[in-house]
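Q: give me a model of this one.
(one chain, ligands or ions: 1)
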Amino acid sequence: MQIDGYELNLTEEQLDDIIQNQMRDIELIGPDFEAFQNLGENDKKAFEHLLNAAKIVNDVALEQDHPLNKKIKKALKEASKTSSYAQKAYTLFKSFNGVAGLNGIDPKPIEIFKGIHSSDGKNFYPEDLSQDEFCSILIQMLETGHIDEVRKILSNRTMVRKDGHLLKAIDYTEYFEKEFSNAANEMEVAAHYTTDHQFKDFLSWQAQAFLQNNEDMDMLADKHWAVLQNCPFEFTISRENYEDEFTGCVFSNPRLKQLIEDYQIKVNPKDTLGCRVGLVNKKGTDLILKSKDTLPYLAKLMPYREMYTQTIEKDSKQTMVDVDLMALTGDYAMCRGGITTAQNLPNGDKLSVQTGGGRRNVYHRQVRFSTDEERSKKLLNTLVASEFHQYYDAGMRHHFVIGHENGHSLGPDNNFKNALGMYAHTIEEHKANTISIAFIQEVAKTFGLYNDFELKQIYTSWIVSLFLKAKPVLSKPHRVADLIEFNYLLKNNVIFFDSENKLHIRFEKITEVMQKLLDDTISVQLSKSVQTAQDFVEKWSEWSEISDYIANVQKQLGNKPYIRLITKF
Ligand SMILES: [Zn+2]
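A: Residues are numbered from 1 along each chain as shown. Here you go, the predicted model:
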């Protein structure tokens with residue numbers, strides 16, 4: 001079957017198998033949700049416009065991801081009306097929120113159409129631009145005085161296009177002028193209707209940031225967003241750069257790396273935009289806030305802390321909320337082998353954080369609650385020694401996640417982190433995991449947050465979550481991080497598998513071993529060396545026999561790597 005001139009790459013039977021056997025639903029809240037029902041008419045009206053803005057942001061993200069996304073989506077939607085085959089392909093498209101994506105199991109992206117591939121540089125860069133060509137053009141531009149243009153090319157808010165034999169950068173506010181202006185309008189109207197003053201303020205700043213080619217406006221919007229702690233409403237424009245796997249290649253060219261240092265050019269991968277709309281859940285937020293006091297305390301316990309300034313030392317302005325989700329669009333909805341359970345923004349590459357603005361950590365309730373308990377039980381029976389079953393509680397993993405998110409606010413700053421090029425994200429995610437577990441006993445003791453039994457629950461649920469479903473690829477930093485920690489625990493005898501291949505845990509050794517791992521990890525970040533990072537990742541991400549065995553068990557129990565977000569507004 002052809003859609004807009006492109007042949008589908010999967011048969012209808014293959015799509016049936018994906019949708020019926022390998023896809024899980026995440027249901028977001030709808031108009032019937034009690035807290036939404038209780039809103040006044042004006043706030044309901046505000047949300048109507050924020051949801052419109054979320055849809056527009058989705059179009060922006062589609063364009064950033066692939067040049068054909070928007071066109072193909074339209075054609076698929078149309079064809080769905082008369083063809084069940086097209087309808088199924090459209091379901092997969094909506095799951096990836098794009099024409100292709102990793103599913104977290106297969107090492108290569110699943111491509112919905114023959115001849116439509118995704119590239120490392122997504123649509124941020126010209127499709128046919130190779131890494132070598134990119135590096136040599138930038139060297140040429142720097143040597144001939146095009147310093148400012150190179151600065152823009154390596155900024156996180158531009159689309160890069162060919163300009164004769166050179167390259168040029170187009171600011172998002174210009175490239176997406178129409179979309180940004182429409183989204184800004186929706187935000188302005190929402191700001192008019194909402195009854196919360198802080199929220200109103202933030203929305204106006206965010207609207208302005210969409211209208212002006214000026215990084216300072218993003219900074220101001222971010223600053224007004226990050227302080228929202230007591231506001232009952234949630235609206236986020238997320239800007240994260242994980243999708244761009246191209247920009248980081250500039251550090252692999254020694255000559256270019258030197259020039260970039262000489263001219264003090266900031267290198268940031270491109271941001272993909274996302275939008276999140278929801279309602280803050282008071283009870284869930286109170287629980288998360290208990291961890292907040294631990295941050296300055298933990299900052300003092302970090303290894304080699306005299307060698308860097310930590311985010312938390314620059315600002316103790318960290319807000320945290322637990323949110324019932326109405327919509328996730330753009331980057332958030334690109335479910336390519338996973339979906340975010342929590343997110344601490346802005347990231348360190350943003351001006352707002354660099355100039356002392358705070359960060360806001362938002363936890364996603366509906367994502368967190370979507371676990372398959374039947375399957376977990378089977379997994380436990382097959383892979384975990386029975387004496388440890390009492391400690392397994394998927395819900396307790398939430399506490400590990402809280403430690404992980406807080407962990408991003410600790411450790412070396414962005415200058416160190418980014419210098420690790422294509423390994424930067426893997427090391428950073430791994431660091432956050434390691435901080436969470438290395439310090440959780442200390443946190444339990446000093447702050448009285450958890451008793452011994454609860455600690456064992458957190459450890460056990462975390463370790464079981466390290467059971468991977470497939471050998472991870474580097475572009476999935478969270479999964480590579482899981483493998484590093486799994487191997488480290490195994491090598492250091494914190495965990496072992498008995499003759500029946502069942503897991504045992506030596507709880508008493510966890511803290512010491514994870515603190516040693518934290519030492520090693522921070523050293524890697526401080527090295528600023530791509531080679532050191534690569535050596536570390538390669539050493540610890542070996543795919544062993546036991547990992548293969550675990551992945552096979554996971555496969556037999558049935559994996560559901562695809563996600564269908566069910567939006568009710
Ligand atoms: Zn993280």
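
Q: for the stretch 51-200 of the chain, which segments count as strands?
A: All strands of the stretch 51-200 of the chain, identified by DSSP state E, counting those that start in this stretch, fall at 100-101, 110-111, 158-163, 166-171.

Q: same check, this time on the stretch 301-450 of the chain
A: 318-330, 342-345, 359-364.

Q: list the helices and strands the longest one packs on?
A: The helices and strands touching strand 318-330, judged by 3 or more CB pairs under 8 Å, 6 or more residues apart in numbering; DSSP states H and E, are helix 41-65, strand 233-240, strand 272-280, helix 282-289, strand 359-364, helix 365-368. C-betas here are computed from N, CA, C, even on glycine.

Q: just put these in a markdown table and tack on mean neighbour count.
A: Shown next, in a markdown table, are the helices and strands packed on strand 318-330 (neighbours: other CB atoms under 10 Å):
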| stretch | mean neighbour count |
| --- | --- |
| helix 41-65 | 21 |
| strand 233-240 | 23 |
| strand 272-280 | 25 |
| helix 282-289 | 15 |
| strand 359-364 | 24 |
| helix 365-368 | 19 |
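
Q: Glu177: which of the ones you listed is closest?
A: Among these, helix 41-65 comes nearest to Glu177, with 10.9 Å by CB to CB.

Q: packing partners of that closest one?
A: Judged by 3+ CB pairs under 8 Å, 6+ apart, helix 41-65 is in contact with helix 69-80, helix 177-193, strand 233-240, strand 272-280, strand 318-330.

Q: re the thing from before, distance to the ion and mean pLDDT for the helices and strands packed on strand 318-330 - can I get that in JSON lines?
A: JSON lines is the format used below for these (distance: least, CB to the ion, whole Å; pLDDT from 0 to 100):
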{"stretch": "helix 41-65", "distance to the ion": "20", "mean pLDDT": "98"}
{"stretch": "strand 233-240", "distance to the ion": "10", "mean pLDDT": "98"}
{"stretch": "strand 272-280", "distance to the ion": "15", "mean pLDDT": "98"}
{"stretch": "helix 282-289", "distance to the ion": "15", "mean pLDDT": "93"}
{"stretch": "strand 359-364", "distance to the ion": "10", "mean pLDDT": "94"}
{"stretch": "helix 365-368", "distance to the ion": "14", "mean pLDDT": "94"}
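
Q: closest one to Glu143 among these?
A: Distance to Glu143, taken as CB to CB, is lowest for helix 41-65 among the helices and strands packed on strand 318-330, at 29.9 Å.

Q: tell me which parts of the stretch 301-450 of the chain are close to the ion?
A: Within the stretch 301-450 of the chain, the positions adjacent to the ion are 429, 432 by CB under 5 Å from the ion.

Q: at which residues are the helices of the stretch 301-450 of the chain located?
A: 311-314, 351-354, 365-368, 373-383, 397-407, 414-418, 424-447 (DSSP state H, counting those that start in this stretch).

Q: so for Asp548, which of these sits nearest?
A: Nearest to Asp548, of the helices of the stretch 301-450 of the chain and by CB to CB, is helix 373-383 at 13.0 Å.
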